[in-house]
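[1] Sequence below, structure please.
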Amino acid sequence: MNARQKRLFEDALKRNPGMKAPSETKPPASWSEDDLALVKQGVGDKSGRPAQPQSSSSDSGGGQSATGEQTGQIVKYFEDKGFGFIRPDGGGRDVFFHVSRLTEGDSTALVQNAKVLFEMGMDRMGKMAATSLRMAPPAPPPEA
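    Numbering: from 1, shown residues only. This next block holds a predicted model:
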């Protein structure tokens, strides 16, 4: 713990005498690429999570692929502010996105009802937001 954390703990200990100090935990000796990706996103390590087998199917239903990528459409985009909201195809609450998370495509294509592909992650404030945003490829023409 740093000095500020110690001071806050001591103050809390005065109010709650039965409280115990948090134990120091060390990170795992070897981090997988998935662990490092989560840490970079600010999600933390997943050492306490059970291993999940990788699915061989390309789509697990509900508008979400095996890689965690979801499809949706833009509900509102505030071009002057650089953010907007996506309505996932699988249903649920609208998802916040920032134009800085656009990895493929042009920001001029961010218009209402435009189809996008995105992954869920956390923004810098720790709230759920879209990451790795990209414009969905155009639908193939119907065969005649």
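
[2] Provide a list of residues in contact with the residue nearest to Ser100 when sequence neighbours are not counted.
    In space, and not counting its chain neighbours, Ser100 is closest to Gly82: 7.2 Å by C-beta to C-beta, 6 or more residues apart in numbering. (Glycine included, C-beta is placed from N, CA and C.) For Gly82, the contact set (C-beta atoms under 8 Å, 6 or more residues apart in numbering) comprises 98-100.

[3] From Leu102, how far off is Gly82?
    Distance of Gly82 to Leu102, computed by C-beta to C-beta, to the nearest Å: 10 Å.

[4] end-to-end on stretch 117-135?
    One end of stretch 117-135 sits 6 Å from the other (C-alpha to C-alpha, to the nearest Å).

[5] Likewise for stretch 13-33?
    Using C-alpha to C-alpha, the span of stretch 13-33 from its first residue to its last is 39 Å.

[6] before we move on, what about stretch 68-85?
    18 Å.
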